[in-house]
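Peer 1: model the structure of this input:
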Amino acid sequence: MGPISTDSSFMFFKKNKFDVLIGMYHDQVLTPFKALFNFDAINVTLGLPYIRTSPDHGTAENIIGKKIANPRSLIESIKFFNYIK
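Peer 2: Predicted coordinates:
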């Protein structure tokens, strides 16, 4: 389906239960994607000569050492990498 403008693509994504959302730029997709799916998403970078997956969260420097971080996105990223490897 598409192309769809960035600002309305998230309405279509959530409503139609897509598995993948492809965006041209990191900021166009990842910020709203994180808002919709919290820690239940990963980022896959295409077009590189190697496989790159990453959690959808940031560095969370404000919670370092507090034992409150949610590792789910990191775990999903590792599982996906092992699946496609």
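Peer 1: which strands or helices does the one helix or strand residue 80 maps to pack on?
Peer 2: Using DSSP states H and E, residue 80 sits in helix 72-84. Helices and strands touching helix 72-84, by 3 or more Cβ pairs under 8 Å, 6 or more residues apart in numbering; DSSP states H and E, are strand 42-45, strand 52-55. Any C-beta I mention is one placed from the backbone N, CA and C, and that applies to glycine too.
Peer 1: could you redo those as JSON lines and give each row mean pLDDT and distance to residue 28?
Peer 2: Rendered in JSON lines, the data for the helices and strands packed on helix 72-84 read as follows (pLDDT from 0 to 100; distance: least, Cβ to Cβ, whole Å):
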{"stretch": "strand 42-45", "mean pLDDT": "83", "distance to residue 28": "13"}
{"stretch": "strand 52-55", "mean pLDDT": "84", "distance to residue 28": "17"}
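Peer 1: quick one: low-confidence ranges for this protein?
Peer 2: Along the chain, the model assigns pLDDT under 70 to residues 13-14, 39, 85.
Peer 1: change it to 80
Peer 2: For the chain, the stretches with pLDDT under 80 are 1-41, 56-60, 81, 83-85.
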